[in-house]
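Enquirer: Predicted coordinates and the sequence they were generated for:
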Amino acid sequence: MSKHAHFDHSAAKEAVELHPKRRTLEEIVRDDGSFPLNAYLLVFQALDYTGKLYGKNRVSGGEGERHVTGQQLLEGVRRMAVEEFGYLTKTVFEQLNVLTTADIGRIVFFLVEHRLMGKTDHDCMEDFIDQYDFSRAFDEDFTFAVEDDVDLSMPSPYFHRQS
């Protein structure tokens, strides 16, 4: 994990490039001010991750073949963030002012409103409300993965004993 969180801009850029008359994401976010730009980029990145997780193809296929539900997106956000940020996930979200699953929904529907994301008639803000608690999902339930073949009885080559 790098010292600074890295957010992929490619999905956001594609959304704007498909409709060149749209204002840029940076302009829209600056005018809104609810969340920093990186919060929106994280949602775009999570949408891409979620599509792959559920076998959706965002480039080809009809809307139904590309669409993920609010619950699927939230699960993708959770998994991607834990993979990307590990034990610091909750801290990263706090820095982005994203404190609940409803905040993710607000970001999604803001992007939908500005035609940078799509939705179906069945999608609604309620899909994002109280789906999981960030403290539990990112702190209490967090576990460190340790490979089975790691020999913990051997001293680490990175630590030297002082004689």
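Expert: Thanks, I have the structure now.

Enquirer: what comes up buried for stretch 117-134?
Expert: By 16 or more other C-beta atoms under 10 Å, the buried positions in stretch 117-134 come out as 117, 119, 123, 127, 128, 131, 132, 134. Glycine gets a C-beta too; all of them are placed from N, C-alpha and C.

Enquirer: Now do the helices in this structure.
Expert: In the chain, the segments counted as helices under DSSP state H are 10-17, 25-32, 37-53, 63-66, 70-85, 89-95, 101-113, 134-135.

Enquirer: and residue 143, which of those helices is closest to it?
Expert: In terms of C-beta to C-beta, the element of those nearest to residue 143 is helix 70-85, at 9.8 Å.

Enquirer: how near is residue 26 to residue 121?
Expert: Using C-beta to C-beta, to the nearest Å, one obtains 30 Å as the distance from residue 26 to residue 121.

Enquirer: which residues touch residue 74?
Expert: 101, 104, 128, 131, 132 (C-beta atoms under 8 Å, 6 or more residues apart in numbering).

Enquirer: ok so, going back, the buried residues of stretch 117-134: which two are farthest apart?
Expert: Once C-beta to C-beta is applied, the buried residues of stretch 117-134 give 119 and 134 as the farthest pair, at 23.6 Å.

Enquirer: which stretches of the protein have low pLDDT?
Expert: 1-22, 57-65, 144-163 (pLDDT under 70).

Enquirer: switch to 80 and redo it
Expert: For the chain, applying pLDDT under 80 flags the ranges 1-23, 56-66, 141-163.

Enquirer: got a list of what the nearest residue to residue 73 once chain neighbours are set aside touches?
Expert: Once flanking residues are discounted, residue 73 sits nearest to residue 50: 5.2 Å by C-beta to C-beta, 6 or more residues apart in numbering. With contact taken as C-beta under 8 Å, 6+ apart, residue 50 is in contact with 56, 68, 72, 73, 75, 76, 77, 80.
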